[in-house]
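Novice: here is my input; please provide its structure:
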Amino acid sequence: MWLDNASNIDFLFYEPYAEIISNIVNDQNNTPTTIGVFGLWGAGKSTLLNLIDKKLESDKSDSNTLVINVNAWMFEGYEDAKIALMQCLLGELESKDKISAFREKIRKLIKRIDFLKVASSALSTGMAVAGSVATGNPGFAAMSVARNAQDFVEFANDVKESIGEEKIVDNIRNFKSEFESLLKDSSVNIVVIVDDLDRCSPERIIETLEAIKLFLSVKNTSFIIAADDNVIKYAIKKKYPKMEDMDVELSEEYIEKIIQIPIYIPDLSTKDIENYLLLLITQNHFNAEQFKQIVEKVYEKGLITKTDRITVDQLFEICRELKFNYEENTQLSDDFSVIDNIRNIVSATLKGNPRQAKRFLNTFITKRELARMYYGDEIEPQILAKLLVLQKIDSELFRQLNEWNKDYQTENEEFKKVVDNVGTPEFKDDYKRWSAPNVIKWIECEPKDLYKQRLDKYFYLTREHLRTNGTGTSNTSEIAKSFIDRISVSNEGTIKNIVSEMRSLNAVDIKSIFSVILSAFKKGSIDYFVISALFSEFDDYRQEIAAVIISKDEKLGMGDINYMQTMYSKDSNIIDDVLKTLQQKHNITVELAKRIRGEK
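Specialist: The predicted structure is shown next:
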């Protein structure tokens with residue numbers, strides 16, 4: 001099985017990108033530098049960051065370079081992501097031996113952040129911190145950042161001086177100056193790698209970018225930020241909506257101000273995905289060191305840059321050169337045979353996304369193991385894989401093939417007509433949906449005589465894709481299907497526009513879309529950001545959405561809090577009832593429920 005994690009071995013062949021970015025940040029004449037590594041979700045951004053990290057750590061040309069990895073999503077639960085990022089960065093610096101002689105300066109900077117935290121909190125919430133300090137009643141915020149009882153008085157006096165917009169500006173200026181001085185005095189260059197920014201809420205995205213620009217972007221610093229730039233643009237547009245009669249696109253301008261060097265990861269080509277699928281199978285049958293050597297040989301032979309895809313024979317040849325014992329591994333040969341037969345079709349449906357490639361193979365492996373448990377050796381892996389590909393290409397045709405299979409006598413007569421008529425003049429008229437180019441490729445791939453097979457057991461193994469009552473789209477219009485498809489591949493940057501466009505559809509189409517999407521949400525294949533957007537836009541469906549949230553037998557996680565808060569702001573009565581029920585089912589903690597309600 002393949003985990004959805006960043007890989008330590010580069011078989012997406014992102015090495016050139018890692019080389020370029022490493023060279024940029026190693027040149028301290030470029031600092032301060034902020035590099036954006038942009039790509040869609042699942043494109044392999046985290047893998048590329050891993051490669052950059054390894055390159056920088058192994059580069060001995062500058063022994064004073066410190067690499068600090070930050071996951072932006074970990075700041076999602078904080079009130080102020082700017083403060084959290086700065087504290088995290090300074091905490092990492094404080095733990096580094098190379099800068100141990102300057103720990104007192106780091107602690108002073110941390111203390112200055114504490115002042116900023118209290119002061120900004122006081123301004124934003126109206127807390128009379130200065131007055132409470134003067135009367136001896138400091139309040140929770142001030143107490144929470146004091147080191148101990150002894151230095152509280154000194155801290156409290158400093159806080160009084162910190163409050164006020166002018167004082168906050170001075171603190172920002174002073175922090176930046178002192179931070180730059182620290183790096184200069186210690187002769188340290190820092191590279192901060194920020195991942196998963198596009199998984200954060202729009203507010204946290206903006207706060208993180210502002211922290212980098214306002215506080216941390218100084219000489220001897222480089223930031224490498226990985227994100228889907230569409231999500232970043234959405235966050236900016238939400239924070240700074242376009243003004244009337246203004247032609248300037250603020251999201252573009254904002255990104256250009258903060259990201260000096262944008263580097264875009266292109267979608268993998270169909271050939272790249274075909275190679276990736278074959279290499280994933282290889283990875284599954286060799287240990288990490290062996291697989292690393294295989295990938296290195298692929299590089300050496302220039303197979304990745306050739307016009308033709310990597311072949312099974314070429315991989316076997318590499319195994320022989322490396323003297324790896326693979327001949328007795330019949331499962332490897334079987335897996336190669338199955339995937340090699342369908343990878344050209346699968347690659348066309350995965351849209352250049354490595355994560356989707358992993359998920360497809362995980363589904364195949366899981367179903368194959370289930371087949372062995374249920375039916376022993378009765379199931380042919382090639383047939384199973386071919387059916388899974390059809391489900392991926394067109395779930396409606398997958399269900400239609402199942403319906404035809406129910407009338408099987410000595411063969412599947414309806415499907416045989418499809419196979420026999422491929423390429424005839426009447427084919428497109430009589431079998432319009434089956435005439436799509438990738439479907440025709442599917443029909444013609446092995447096993448070609450699928451109509452001779454009784455497929456009951458195969459469809460039983462994949463029965464979750466056969467539901468039509470509330471989950472299928474057999475009675476759904478083409479326009480509704482197109483919206484379902486768009487929602488299924490949406491992200492936080494695109495979902496709002498999609499849902500807004502849904503308002504123009506008729507009531508029947510909207511109902512069809514909700515039926516499919518809510519069912520998918522209950523099964524876990526649709527995320528909360530989609531449900532939150534639908535809840536916000538369609539008040540007639542709020543009770544139905546609430547019922548599905550309650551029916552999901554799973555705990556509400558930290559990553560879902562912001563979406564629930566959005567829904568609560570739209571209809572507090574409905575979501576309050578949801579929260580009470582979830583608490584009774586022990587699917588949410590009291591603390592998280594309070595946060596959603598905005599309670600202290």
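
Novice: switch to C-alpha atoms for all contacts and neighbour counts from now on
Specialist: Will do.

Novice: doesn't residue 191 lie inside a helix?
Specialist: No - read with DSSP: H, G, I helix; E, B strand; the rest coil, residue 191 is strand and lies in no helix.

Novice: any idea of the pLDDT on it?
Specialist: Reading off the confidence values, residue 191 has pLDDT 92.

Novice: cool, the one 3 residues further on as well?
Specialist: Model confidence at residue 194, expressed as pLDDT, equals 93.

Novice: does it sit in a helix or strand, and which one?
Specialist: Per DSSP states H and E: residue 194 is located in strand 189-195.

Novice: quick one: the helix or strand following that strand to chain centroid distance?
Specialist: Of the helices and strands lying after strand 189-195 in sequence (DSSP H and E), the nearest is helix 202-211. How far helix 202-211 lies from its chain's middle: 18 Å, per CA atoms, centre = their mean, to the nearest Å.

Novice: with stretch 493-502 instead?
Specialist: 19 Å.

Novice: need the contact partners of that stretch.
Specialist: 230-235, 483, 486-487, 510, 530, 533-534, 537 (CA atoms under 8 Å, 6 or more residues apart in numbering).

Novice: which stretches of the stretch 51-200 of the chain have low pLDDT?
Specialist: 59-63, 77-79, 118-169 (pLDDT under 70).

Novice: for the stretch 301-450 of the chain, same thing?
Specialist: 351.

Novice: quick one: the strands in it?
Specialist: Remark: no strands are assigned in the stretch 301-450 of the chain by DSSP state E, counting those that start in this stretch.

Novice: so which bits of the helix or strand hosting residue 500 are buried?
Specialist: Residue 500 is part of helix 495-502 when elements are defined by DSSP H and E. Residues of helix 495-502 classed as buried: 495-496, 498-499, 502 (neighbour count, 16 or more other CA atoms under 10 Å).

Novice: and the next helix or strand after that helix, what's buried?
Specialist: Under the assignment DSSP H and E, the closest C-terminal helix or strand after helix 495-502 is helix 507-523. Under the neighbour-count criterion of 16+ other CA under 10 Å, helix 507-523 has 509-510, 512-522 buried.

Novice: format these as CSV; extra columns: pLDDT and distance to residue 459.
Specialist: CSV is the format used below for these (pLDDT from 0 to 100; distance: CA to CA, whole Å):
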residue, pLDDT, distance to residue 459
509, 83, 28
510, 88, 29
512, 86, 24
513, 91, 25
514, 90, 26
515, 87, 23
516, 89, 20
517, 91, 23
518, 90, 23
519, 86, 20
520, 86, 19
521, 88, 23
522, 83, 22
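
Novice: which one among those gets closest to residue 586?
Specialist: The closest of these to residue 586 turns out to be residue 522 (CA to CA; 17.7 Å).

Novice: what residues are up against that closest one?
Specialist: By CA under 8 Å, 6+ apart, the neighbours of residue 522 are 548-549, 551-552.

Novice: could you redo the last one with a cut-off of 10 Å?
Specialist: 548-554 (CA atoms under 10 Å, 6 or more residues apart in numbering).

Novice: give me the nearest residue to residue 567, chain neighbours excluded.
Specialist: residue 532 (5.9 Å; CA to CA, 6 or more residues apart in numbering).

Novice: my guess is the one you found meets residue 575, correct?
Specialist: No - Residue 532 is beyond contact range of residue 575, at 11.2 Å (criterion: CA atoms under 10 Å).

Novice: need the residues touching each of those two.
Specialist: Between them, residue 532 and residue 575 share the contacting residues 542, 545, 564-568, judged by CA under 10 Å, 6+ apart.

Novice: host element of the residue nearest to residue 567?
Specialist: helix 528-537.

Novice: what's that helix in contact with?
Specialist: 201, 487-488, 490-492, 494-500, 502-503, 514, 517-518, 521, 541-546, 549, 559-571.
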